[in-house]
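> need the 3D shape of this:
(one chain, ligands or ions: 1)
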Amino acid sequence: MRDISSTIGNSVVLSNVTSWRGLGINFYLSWYQAQKLFLSGTPTSTVQTFLQPFDWLSKLSGVYRSENKPMVQLEQRPVALVTGGAQGIGLGIAEHLLTIGWRVAIADLNEATGHAAQEKLAKFQDALIFVRCDVSQESEVAHYVQAAMEQFGQVHSLINNAGIANPYSGPVEELSLADWNRWIGTNLTGCFLMAKHAVPHLRPTRGAIVNISSVRAFQSEPHSEAYGASKGGVVGLTHALAVSLGPAIRVNCISPGWIDTSAYKHPPQQTNLNPIDHEQHPVGRVGKVQDIAEMVAFLLSDRAGFITGQTFTVDGGMSRRMIYEE
Ligand code: NAI
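Model prediction:
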């Protein structure tokens, strides 16, 4: 297998250098400069020594178990299963994990967007596979987990993100059992099936699971019964799994609020947001895919080692606003 530790490995450090500039860190080493060092034949060890002082930056962002050696060989990097990773939040999670040094197996129902995701993430191609999989079907889930094991040899985390993201199922008197089962089958049963088949591989690696629920697990608009029930179920499944699977495996849940996924569609779309969309949030803006991806990375990292069974709302404070009509 080709050793790409020097290229992708360094991107772990460099990307963090870039993202922590906001804290007043003025040092910036561009990809171009780093590539030049390698292309000029500078021995990897020299470059590693050069970058070593900035190792603490990678620690701040929670690089998985790589505290003392950020430049990990490809085959030693942790492996994440990301469902629904072909677009939207799942694609953002996959991209972020690849950027900080994980290998990722994306599963998605939609083969065309799966391949589009592979193209978007082409620079990580050695660390990425896509498997077409309907998470509501047990045989397909088993095949996906098997494919990831065959490709990578181990699994360290599962991110249950796949979902029917449309919350509106219509008036309850008109909601067919088939449609109810569709929402529940993907959003809730899919999380159960993925856990069932991933857990045997997560135990030996002492891995972690992150389930993606929604603030709609706790709050509703009219005509969202199937979605709300499915996402409430994910919260319950999370704490049940955490108690059953500890101490080997930690299980947590994120409940996103309004996340703008337009940049993570194929092709990327323009955001269509009004000032009021942003201003109504206590933080002053609608959520970004990156907001969820950062939280996932934290919950997977050893820094979250004392956290399990919890659900974290990431909604810019929106669900803390008290709203009564005048
Ligand atoms: P999206 O529709 O852009 O992406 C969902 C992905 O899941 C798609 O690629 C789709 O093909 C895949 N998928 C759907 N059914 C599947 C199945 N049976 N098997 C495998 N893959 C399947 O949605 P988005 O917005 O990225 O949402 C991702 C997750 O986050 C969902 O679980 C959604 O409920 C949740 N969420 C999203 C929020 C938002 O504002 N975007 C807010 C709260 C929660």
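
> when you work out contacts or count neighbours from here on, use the C-alpha atoms and nothing else.
Fine.

> give the contact list for residue 312.
When contacts are counted by CA atoms under 8 Å, 6 or more residues apart in numbering, residue 312 touches 253, 254, 255.

> swap that for residue 135, sorry
83, 108, 109, 141, 162, 186, 189, 190, 191, 193, 194.

> now render the residues you listed as CSV, adding secondary structure and pLDDT.
Converted to CSV, the contacts of residue 135 look like this (DSSP: H, G, I helix; E, B strand; the rest coil; pLDDT from 0 to 100):
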residue, secondary structure, pLDDT
83, strand, 99
108, strand, 99
109, coil, 98
141, helix, 99
162, coil, 99
186, helix, 98
189, helix, 99
190, helix, 99
191, helix, 99
193, helix, 99
194, helix, 99
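
> ok, and which of those reach the ligand?
Checking the contacts of residue 135 against the ligand by CA under 6 Å from any ligand atom, the ones in range are 108, 109, 162, 186.

> need those in CSV (columns: neighbour count).
Output for these, formatted as CSV (neighbours: other CA atoms under 10 Å):
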residue, neighbour count
108, 26
109, 19
162, 28
186, 21
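
> out of these, which one sits closest to residue 314?
Lowest distance from residue 314 to those (CA to CA) belongs to residue 162, with 17.6 Å.

> help me confirm that that closest one comes into contact with residue 90.
Yes. Residue 162 is within contact range of residue 90, at 7.3 Å (criterion: CA atoms under 8 Å).

> and for these two, which residues touch both?
With CA under 8 Å, 6+ apart as the test, residue 162 and residue 90 both reach 83, 84.

> returning to that earlier point: quick one: which of the contacts of residue 312 is the most crowded by neighbours?
residue 253 (28 neighbours; other CA atoms under 10 Å).

> confirm that it sits in a strand.
Yes. Per DSSP: H, G, I helix; E, B strand; the rest coil, residue 253 lies within a strand segment.

> bridging residues for it?
Note on residue 253: beta-bridge partners by DSSP bridges are residue 211, residue 311.

> how near is it to the ligand?
For residue 253, the distance to the ligand equals 11 Å [CA to the nearest ligand atom, to the nearest Å].

> re the thing from before, Serialize the contacts of residue 312 to TSV and add fields for pLDDT.
Listed next are the contacts of residue 312 as TSV, based on pLDDT from 0 to 100:
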residue	pLDDT
253	99
254	99
255	99
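
> for those residues, which one is nearest residue 310?
For the contacts of residue 312, the nearest to residue 310 is residue 253 (6.1 Å; CA to CA).

> return the set of buried residues in stretch 218-227.
Buried residues in stretch 218-227, counted by 16 or more other CA atoms under 10 Å: 223, 224, 225, 226, 227.

> now do stretch 302-319
302-303, 308-316, 318-319.

> what about it and the ligand, any contact?
No. Stretch 302-319 lies out of reach of the ligand by CA under 6 Å from any ligand atom, never closer than 8.5 Å.

> from the contact counts, what lies against the helix or strand containing residue 232?
Using DSSP states H and E, residue 232 maps to helix 225-245. Applying 3 or more CA pairs under 8 Å, 6 or more residues apart in numbering; DSSP states H and E, one finds that helix 225-245 makes contact with helix 177-184, strand 208-212, strand 250-256.

> go again using 10 Å as the cut-off
helix 177-184, helix 190-205, strand 208-212, strand 250-256, strand 311-314 (3 or more CA pairs under 10 Å, 6 or more residues apart in numbering; DSSP states H and E).
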